[in-house]
Every structure is written in structure tokens, then in C-alpha cells.
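> just a sequence and a predicted model for now, questions to come.
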Amino acid sequence: MANRWETVIGLETHVQLRTVSKMFCGCSAAFGAPPNTNVCPVCLGLPGALPVPNELALKLAVRAALGLGCTVHPRSLFARKNYFYPDLPKGYQISQFEQPLATAGSLSYLSPDQGIATATIVRLHVEEDAGKSLHDRFPKQTAIDLNRCGVPLIEIVTGPDFRSPHEARAYLLTLKQVLEYAAISECDMEKGSLRVDANVSVRRAGETALGTKTEVKNINSFAFVEKALTVERDRQIAVLEAGGTVAQQTMLYDSKTNSVRPQRSKEESHDYRYFPDPDLPPLMLSEEFVAEQQTQLPELPAKKRERFVEKYGLSVTDAAVLTAERAVADYYETVVHAGSGADAKLAANWVMTEVLADAKDHGERLRVQPGALAGLISLVRGGTLSHQAAKRVFSEMAEHGGEPRNVAEALGLTQVADTGVVAGWVSEVLGAHPTEVERYRKGETKLLQFFVGQVMKVSRGKADPKLAQRVLEERARSLGDLK
Amino acid sequence: MTEVADALASARAAADRLVKAKRLNACLTPAKELRKSLLAQAAAAHPSGVLYGMPVAVKDNICTLEYVTSCGSRILEGYRSPYEATAVNKLKAAGALIAGKTNCDEFGMGSSTEHSAFGRTLHPFDKTRVPGGSSGGSAALVAAGAVPAALGSETGGSVRQPASLCGVVGIKPTYGRVSRYGLVAFGSSLDQIGVLGRSVHDAARVLSVISGRDPKDATCEDRDSLRLPNVPESLQGFVIGIPKEYFPPDLDPAVRRACDRAIRLLRELGAAVRDVALPHTQYAVPTYYIIAPAEASSNLARYDGVRYGPRFDGSEDVRALYRTTRGEGFGAEVRRRVLVGTYVLSSGYYDAYYRKAQQMRALIAQDFRNVFDRGVDLLFTPTTPTPAFKAGEKIDDPVAMYLSDIFTVTANLAGLPAISVPIGRVKGLPIGGQLVGQAFLDDEMLEAAYALERAVPAGEEA
């Protein structure tokens, strides 16, 4: 039934800016402090207190806007969004309404449906967060924590550009990647530093007018984005197929039951009575200020991916893996450069396998210094270490640090390239496998690899495998047989 | 040692005078607390400060660490601010003694100090009359000689109007000259802390101390504190405009006579006097009564009984808590303005009211610029259309009450500095004349005010 319907989704993403202090006061914006400890007269909304904008927050907001290709307006206005709620101490939230910070941007992302796609960014504005109401902390009472109150946010609004829940998710992941790259936000949905609301509607395939939309809220993890949107999409289709109409309302997603329910009408239908905040003069951003933020913007993931393909000869897939996180991309490039032209592809393989696997098990820390990894790779290339041995050295360095050569020697893993020693191991192997020797003699030459493997085993990985092979071949040639 | 003794003597004398003025209901601070605090402050004050030992009373809507800050409202009854206003902090740093909190119309909304939850303040010369408002308590204490100066605050004339009615000097500086940090907001784009004083000099000294940049207020200009001008020998070179809109045909003839006399004296002092026009003046009061309530409706949303102040019962749900707390905690005038303000900001009405009022505000400010651009330095007008009126006379007629600010609201709408100076008596009651200056030329305005004050026989019937 779903393919007779087209889904239309637009996203409003709230992102916490990575500042030390709050948007309009000097309080810490850190997550996780004991309730109501990061507060002052300003963020408590005490009588007579006044807001003063945080300059770093404005810088980060402008960088986000530039990173998303928006037009940053030289003059924008802070506005008050008025509503009553116990965790909103001033009775209004300072936001932007008419004349936001930035408009008209775009973000291209890899759509699972249609390849490279572009989402339009309608607007990006700055605002402050509200506090937190805890309804389950004390029985029959609501507790309020105002630590989050006044934390700086940007809201990024897209057009109704996504045609499926997984497309919306793909956009969101790309957005997260860009914001993390530019160190604008930590984008941690679990800590609330990235929150997303979605406008969802459906229409019959081929129709151009938009259907009635609902707003889906309370999606508090990346894992739920797709689920929540799918549930709401399916609900709307079911309503329409049954001959009903979709009511324009706010739907709350419940991840425990994977369902949506309408927000009580008492909780919504706000007339926010927006008006310019008289406590804050119009925000004037000079050309120099904006240009300075442009220079502070790092190379963003899409650009970096293209460059990795071109400069290091990597496949698009490998480049995508390596550029998914800025820290990994930077690490990779450091390894390549530290190795004075170390094989870029070899380095890519090491980073994608050993390094990422180790990071995954250790809180995303990149434990081996990039210089050490470069050294390790060159030991492999120079024949001092086998690949197997190098992996052990890597683990050792990850746990205890150290220089690759020292670690390898300490572990007794340095490859033995002494022909006499290797020849001894060869004799030992041949003596231990008379049947295989016999079969080889009868023409089963592919068994040579078996003997090389046995030499490696006997030498506990220390034999230089190329040397072992050469010794084996010589033995065969000079004696006519292996005896 | 003698300096400290002087300050202690000053504190004691001020406490005595404030107790003596108790019958006016101008000071909200209990006598015992006031005396104790004054003595403690005197002992701690820095003898090097330019206001060392000077008692300064502070309007109840300005946050102090010393006393309750209730804004004349039930909803903040007993509220003690954990921080103090920048202006108060600067006064203390200059050695001044914070001499109690003064009565006012609730949150500054009113022109008679009758809209205080703690009872009306009496006019110091006629207890049947009002001292004006909303800074009526500050004006009455200065007029009664209890303190040489007091802080007030203005949104539409709340310093100048009571100054005129009580026969004292009242200055409203340029918007952005004094930090608003710690001034409990009413209409943030109009609010400014002002000073009431026995003389231009007393008021100007205090203003100079409290003025200047404050990183805690984004609307406070990044400027040094105000320079105190010298008393000029003459007003040679000053061009003073007389805007005809401020002298309507039905103006009280005695008020007109007092103004005419003041204008004559300004001319005799050497000023060139010129008739000018401010054509949008007639729209000032309606414009003000859209913008100020709109901002107030938002500024007063925080008084909801959730975090501080009394919580009136209504515990069944949070909406009921808001309703009862705000319904019972706010007085009638505040509720009226919150409702008007909520209405004019509502979707569907915003363009017709709030946006239009902002456009009109811009035209009113442009009127002033046009006049100043044509070589006029200052304007002279009556401060109020009448002297002090009877208590109860206007309490049930909000429009009549609003019209007592008709000559003062324009300076707030345009953000300009203005001062009221006593210019005579009308049937025994004081009346003030107003000088309006150019933005951030507060010192020039003070210079002319010095000269006018010296020349005018303020105690004489006009």
C-alpha cells in the first residue's frame, strides 16, 4: 500500500553549541552537574537580570551557517517566544523569529533512495534552551532542573525535502557529521545536545500539493528517528485509506511502545506572541567577523572525501569510512605524512581495520600514536615484521605505548632474515612432514605454500616468509628433490 | 577616623529624618532595619568615594542586597534579591549609603503612587494629594528633606512627573546612559533609572556616579560616566526650541504662566528661543500605551509563583497556580496592562497594533531629530499639564491618569535625556518645567538646567 503514497518530511534540528558558558550569562553549559547548580540571576530569570550574548556561541552559529552554505545576515533580531511553563523561568524563550541569523542554505547527503541528494536549509537561528521538568523523580510532583536553561542552541530548519524516513535519517547523520567536524556541537542525542522534530505528511503518488502535516516530537535517539517517522507515516496512510483526514497536530513518539500519541491540546495551540527582544540590540555582524568564521571552518567531510580519493588513490568507500569522523581523518593523514610517503593504501587498511576496531572497544580513543603506526607500517614494508607479528605489536602499543621497533624486539617478533637460521627451520619442517615431502616430489608443487606456513609456525612468526620460500625453492632446485 | 564619624553621623541623621517622614508612607523599609543598615553601610563605606556618606533612597523596583525589593507589588512581597543593581553597586562603591526602598506604583505602572500594594504615598505639602508617580516615594522623600537624592525609574515619565508635582529636580538620562541591570523591567525599551534630587547639582552628582558602561546590560552604551558640567555664566549660544504641541490652548493658565516666565528667563540668560513643531506628538500617548504594556506583558510573565515570591493557592494544576498567583498577586492596573499587552502582541493583532506603534515611535523620534538637525540644542516644555492632583481623583479613570504623562512619554519613546526643574508654584503647589536634550548630550542639558534653576524663583507663584 505504501507505494501508492508519497511521504514528505521536513526536519527541525536543535543543536547545542559547544561553548563553555551559556548563551546569555556566564554559567557553565556543561551536562550532568547536580540539579540547579549551574545557575545565576540571568538564567534563573530573576527580577532585573538582563541577557548579554555569548560571542563564542555567535561564532559557532555563524560557522554552522557557513558550513551549510547559508546566507548569513549582517543584521538579525533576537525575539521573545512567550509561553508559560514551569521550566521556563522568564516566561519566554529568547530565540529569533523575523530576521533570523541565516537563511537559504543546503546540505548534500547520500540518500539511500536516490544517491547524492540535496536538502534545502530554510533557516538557521540562535536561541536559548529551556530547563528540564522531571515528572518521574518525586511522586505526584514535578521537579525542575534549570541547569540547561540558557544553554546555547541553533535551530536548523529544512524544507519538506525528504521522501522517506531513512532519507531523513541519512540527512541527519550527514548534518551531525558536518557539525562535529567543525567542532560546532557534540551532537549527542542521548545528552540532548542534538534534538530533532519532524514535520510529516503523505500524499497520493503524483500529487504536487502537500498533505496535512503533523509534527513528531520526542525523538530522543538516532535509533528512533527512522522508527518514529515510519510509525507516523503508516498511521497517516491508514487514516487516509480508511477515508479519514489527518488532523494537524503534534504527535509524541514513545520509544518503549514504538508508537505515537497526540499531544494533549492543552499542551499546544500556543500563540507565542513573538516580538523583538528589547533587552538585546539587533545583532550586527560585520563582513570581517563572518569572513573570520569562514577561515575557522575546517575542510568539511564531502570535500575531504573527494580529496582523499584524488590524493591518496583510495576508493570512494574507503575514503568515506576514513572521513566519517574528523579525528579519524586527521589521524589517517598524520600516519601517511609521518611515514614520509608511507603507502597511503596500506595506511588506510591499517586505520580502517586495526585502529577503528581498537577504538570501538576503547571508547573511541585512538590509542596508538599516528607516528608509531607509521613506524610499524614501515617495519612491515621493510620485511622486519610479518603482518601477523605487526598486529601483535599494534595491540601491545595500544595497551602500553612504546616505539614499534622496541616493542617488536621486546616481544621477540623481529623477523629472522639469517639464511642459516631459516635453513635450520626448513630442515626441521621437512623432516617432520615426510608424507607432504613425498607428495611434493610427485609434482604437487602447490604444497610449497604449506611448507612456508609450517616454517612460520615453527619460527613462531619470526622467519621472514620470503626468505623461507626462497630457501625452500633453492633446496628443491639444488637437490632435484627435497631430501 | 573623623571621616568615619562623619559618615556615621550622616547615617544617623538620615535615619532620623526618614523616621520623621514616616507619615508620608514614602519609605517601605521598616525603621529599625533601615537604621541598622545605614550604620553598617556607613562603617563600611570608602571615605575616598565622591558620594561618601551621602544617603540615597532607592525605588522599590531596583534590586538591592540591603532591603526587600517588592516593586510595590504583592507578588514580590518579602522578596530579597540575591544580587544588586549595577547602579546601586556603583553608588555604594562611591561611598553613598542606600537609605531604604521607596514606595511606587506597582512595577512602575502608574502616575500617582496610588497603585502600590503597600498603600499610597502622601504629597509632602498636602496629604490629600498625590506626589505623582510612579517614583512618588522617591520624590516625596527628597521634597520632605529626608534625603538629598533618590533613585527612581522611568518608563514614561515616572521620575520627571513626580519631581514636577513635588517641587524637586528629576533627571531621566539618555536611554543607554545608565545600566538597567537590576532594575526590574517594565517596558525594557523605555525603562531607564533616573535620579531625583533637591537640586540639579545633587541629582547630577548621583547620575554621574551611576552612569557609564556595564557589560551586564547589552543596551547600555559603551561610554565613560557622565561628565559633570560647570554652572554656566550664561546660556549664550544655546538655541532652545519651544514645541507648540506642548502648549495646547486648554493648558492650565497658571502652568502656562510659569512656563512663560521660565522661557523669559532662559532668553535673559542669553539663549535664543525658537518656536518649533513636533507634529507626531499627539500619537505619543497611544503609542506608549501599546509598546509599554506589550513589553510589560512579557516582562511580568516570570511572576508565576513557581520559583520565588508568594504562591497563592491553586495547587490542583500548574495552570490554576498561575491563575490564582497572578490574579491575586497583581493589582488592577498591572492586570489591565498585562491584558492589553497580551492582546496587542497576539497573532492577528500584532501588525495592527504593535508593529504600527513601532512605526509611530520611529516617526516621533524622527520629529526630534529634525528639530535638532536644524540647530536647536534643547527643548523646553511644561513637565506636567497640572500640579499635584487629589488622591482618588484619577484612580478610576485610567485615560485621565495616562494623560498626566502626556509631556513626558515622548522622551522615553525617543530615548532622549530630559530633566524637570521646579519653575514656580500654582496655587501653592510646585510645578516643573522640562528640558529635553539630544541623545548622549545629557551634560549640555544639565548645563542649561543649572542656569534655569539659578534664575527661576521656584518658590513663587507664577
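Yep, it's here.
> okay, residue B:382 and residue B:161: tell me how far apart.
Plainly put, residue B:382 is 11 Å away from residue B:161 if you go by C-beta to C-beta, to the nearest Å. For every residue, glycine as well, the C-beta is placed using N, CA and C.
> neighbour count winner among these two?
residue B:161 (33 against 25; other C-beta atoms under 10 Å in any protein chain shown).
> where along the stretch 101-250 of chain A do the helices fall?
Along the stretch 101-250 of chain A, the stretches classed as helices by DSSP state H, counting those that start in this stretch are A:165-181, A:222-241.
> what does chain A have sitting close to chain B?
When proximity is defined as C-beta under 8 Å from any C-beta of the partner chain, chain A approaches chain B at A:41, A:44-53, A:80, A:82, A:84, A:86, A:89-92, A:142, A:144, A:266, A:271, A:273-275, A:278-281.
> now do 7 Å
Chain A comes close to chain B at residues A:41, A:45-48, A:50-53, A:80, A:82, A:84, A:86, A:89-92, A:271, A:273, A:275, A:278-281, as judged by C-beta under 7 Å from any C-beta of the partner chain.
> about what we covered before: would you format the helices of the stretch 101-250 of chain A as JSON lines with mean pLDDT and mean neighbour count included?
Converted to JSON lines, these look like this (pLDDT from 0 to 100; neighbours: other C-beta atoms under 10 Å in any protein chain shown):
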{"stretch": "helix A:165-181", "mean pLDDT": "91", "mean neighbour count": "22"}
{"stretch": "helix A:222-241", "mean pLDDT": "90", "mean neighbour count": "19"}
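> now tabulate the ones you listed in CSV and tack on distance to residue A:377.
Listed next are the helices of the stretch 101-250 of chain A as CSV, based on distance: least, C-beta to C-beta, whole Å:
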stretch, distance to residue A:377
helix A:165-181, 26
helix A:222-241, 34
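> which stretch among the ones you listed comes nearest residue A:401?
Closest to residue A:401 of the helices of the stretch 101-250 of chain A is helix A:165-181 (C-beta to C-beta; 27.3 Å).
> could you count how many residues lie near whatever residue of chain B ends up closest to chain A?
Nearest residue of chain B to chain A: residue B:301, at 2.4 Å (C-beta to the nearest C-beta). By other C-beta under 10 Å, 23 other residues sit near residue B:301.
> any idea of the pLDDT on it?
Note on residue B:301: pLDDT of 97.
> show me which residues of stretch B:34-41 are buried.
B:34, B:35, B:37, B:38, B:39, B:41 (16 or more other C-beta atoms under 10 Å in any protein chain shown).
> can you check stretch A:439-456 too?
A:440, A:447, A:451, A:452, A:454, A:455, A:456.
> ok, the last one touching residue A:465?
Yes - A contact is recorded between residue A:456 and residue A:465 when judged using C-beta atoms under 7 Å, the distance being 6.0 Å.
> can you pull the contacts of the residue in chain A that chain B sits nearest to?
Nearest residue of chain A to chain B: residue A:91, at 2.4 Å (C-beta to the nearest C-beta). Applying C-beta atoms under 7 Å, 6 or more residues apart in numbering or on different chains to residue A:91 gives the contacts A:82, A:84, B:298, B:301, B:302, B:304.
> what's the neighbour count on residue A:205?
10.
> kindly report the same for the one 10 residues further on.
Burial of residue A:215, expressed as a neighbour count using other C-beta under 10 Å, amounts to 18.
> for it, which non-adjacent residue is spatially closest?
residue A:250 (4.7 Å; C-beta to C-beta, 6 or more residues apart in numbering or on different chains).
> my read: that neighbour touches residue A:200, true?
No - Residue A:250 is beyond contact range of residue A:200, at 11.1 Å (criterion: C-beta under 7 Å).
> how about the helices in the stretch 251-400 of chain A?
Under DSSP H, counting those that start in this stretch, the stretch 251-400 of chain A gives helices at A:287-296, A:301-312, A:316-323, A:326-338, A:344-350, A:356-361, A:370-381, A:387-400.
> ok, back up a step: list just the nearest of the buried residues of stretch B:34-41 to residue A:58.
Set against residue A:58, the nearest of these by C-beta to C-beta is residue B:41 (40.0 Å).
> in a strand, the closest one, correct?
No - secondary structure of residue B:41 (DSSP: H, G, I helix; E, B strand; the rest coil): helix, not part of a strand.
> mind checking pLDDT for it?
Reported pLDDT for residue B:41: 95.
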